[in-house]
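> model this:
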Amino acid sequence: MSLIESLGLTHPIIQAPMAGVSTPAMAAAVSNAGALGSIAVGATDAAGARAMIEAVRTQTRRPFNVNLFTHAPARSDPAKEAVWLAALAPIFHSYDAQPPTSLHEIYRSFVEDDAMLAALVDLAPPVVSFHFGLPDPTRIAALKQAGCLLLATATNLDEAHAAKEAAIDAIVAQGYEAGGHRGAFDPEAPDDQLGTFALTRLLAARSGLPVIAAGGIMDGQGIGAALNLGAVAAQLGTAFIACPESSADEAYRTALASPAAHHTIMTRAISGRPARCLANRFTAWGAEARLEPPAYPIAYDAGKALNAAAKAKGEGGFGAQWAGQGAPLARALPAADLIALLVKEATA
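Next comes the predicted model:
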């Protein structure tokens, strides 16, 4: 039985879990339309995750995915953080705000969050996915014992092989075109920057696991191409940002429909890890400053504070406006209508 059949999906489409964009309403709408909806709980705690999972379940009885961050816990470097804040201070001041006096790890990695593990084992969502690496064997075993099907992001063949050895059920092949955070296990290691289709074909041929193509796919034609390369499904994220069920703010939606969509940039400046973003004032500052940011997600503490200060003065250009290279193809449709259109395009 294929992965799609085992989940009871009608369509080989997965809505990517995007922290700050995905909502329970979006996940439920996608799942009710026969695809796999997703929520991202990496940036919340166990109580927040429980509330989100329960909210999805009030709106659908179909399978859905819960995504977790599995990065190495951050190591604070007060000296580096002080330099970072000093560099950002003039921007804060330009919006009549003061930078934080210190920075903190704003959310925990799943690799050390026992409360999150307990909540997931208790609630047993149908699918659980990992981004930035893999949890330890004990956590994987506990989730599999609870009946969860497990996915993990891979950006190269070595990461895919590690996932197979860890008993992961399927791989999300994240091409360099993808929006949001790069899922590399080690952000300091050399990155071959494999594109979605090259990576998808490589992993389909060599990983030994079902492959889900992700990165730059925006329409049914892209889905069909991914399936022809051996993927069992395609994961789309940027395609759902403009949906009314998305929690993207007005500045984000406006930027997505602007020329910035044609100029996405991979940056560490916003969060401390490489992530693809719409070109905005934050990415421009990061390119000009050329400073090494604090560790992820400690740097994100400063980024979120700066965005809040700027938004209070009507400036939306310092947000984490994650988007992939297919951003100019985004369409503002309800999630269920978007799924229907994607299926129509893929089968045309």
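> distance of the nearest residue to A275 once chain neighbours are set aside relative to G319?
In space, and not counting its chain neighbours, A275 is closest to H181: 4.4 Å by Cβ to Cβ, 6 or more residues apart in numbering. From N, CA and C alone the C-beta is placed, and that goes for glycine too. Distance of H181 to G319, computed by Cβ to Cβ, to the nearest Å: 15 Å.
> what packs against the least confident helix or strand in the chain by mean pLDDT?
Least confident helix or strand of the chain, by mean pLDDT, DSSP states H and E, is helix 3-7 with a mean of 90. Taking 3 or more Cβ pairs under 8 Å, 6 or more residues apart in numbering; DSSP states H and E as contact, the helices and strands that helix 3-7 lies on are strand 149-154.
> could you check the angle strand 149-154 makes with the next helix or strand after the strand it packs on?
Next helix or strand after strand 149-154 toward the C-terminus (DSSP states H and E): helix 157-165. Here helix 157-165 points in a direction 160 degrees away from that of strand 149-154 (axes from the mean of the first three to the mean of the last three Cα atoms, to 10 degrees).
> same for helix 157-165, what does it pack against?
Counting contacts by 3+ Cβ pairs under 8 Å, 6+ apart, helix 157-165 is packed against strand 149-154, strand 170-174, helix 196-206.
> any chance of the ones you listed in JSON lines, plus distance to P63, mean neighbour count and mean pLDDT?
Output for these, formatted as JSON lines (distance: least, Cβ to Cβ, whole Å; neighbours: other Cβ atoms under 10 Å; pLDDT from 0 to 100):
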{"stretch": "strand 149-154", "distance to P63": "8", "mean neighbour count": "25", "mean pLDDT": "98"}
{"stretch": "strand 170-174", "distance to P63": "13", "mean neighbour count": "30", "mean pLDDT": "98"}
{"stretch": "helix 196-206", "distance to P63": "22", "mean neighbour count": "21", "mean pLDDT": "98"}
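> got JSON lines for those, with distance to A251 too?
Output for those, formatted as JSON lines (distance: least, Cβ to Cβ, whole Å):
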{"stretch": "strand 149-154", "distance to A251": "27"}
{"stretch": "strand 170-174", "distance to A251": "26"}
{"stretch": "helix 196-206", "distance to A251": "28"}
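> rewinding a little: tell me how far whatever helix or strand comes next after the least confident helix or strand of the chain lies from the chain's centre.
The helix or strand immediately downstream of helix 3-7 is strand 13-15, counting by DSSP H and E. Strand 13-15 sits 13 Å away from the centroid of its parent chain (Cα atoms, centre = their mean, to the nearest Å).
> one more: stretch 222-232?
How far stretch 222-232 lies from its chain's middle: 20 Å, per Cα atoms, centre = their mean.
> now stretch 164-175
With Cα atoms, centre = their mean, you get 15 Å for stretch 164-175.
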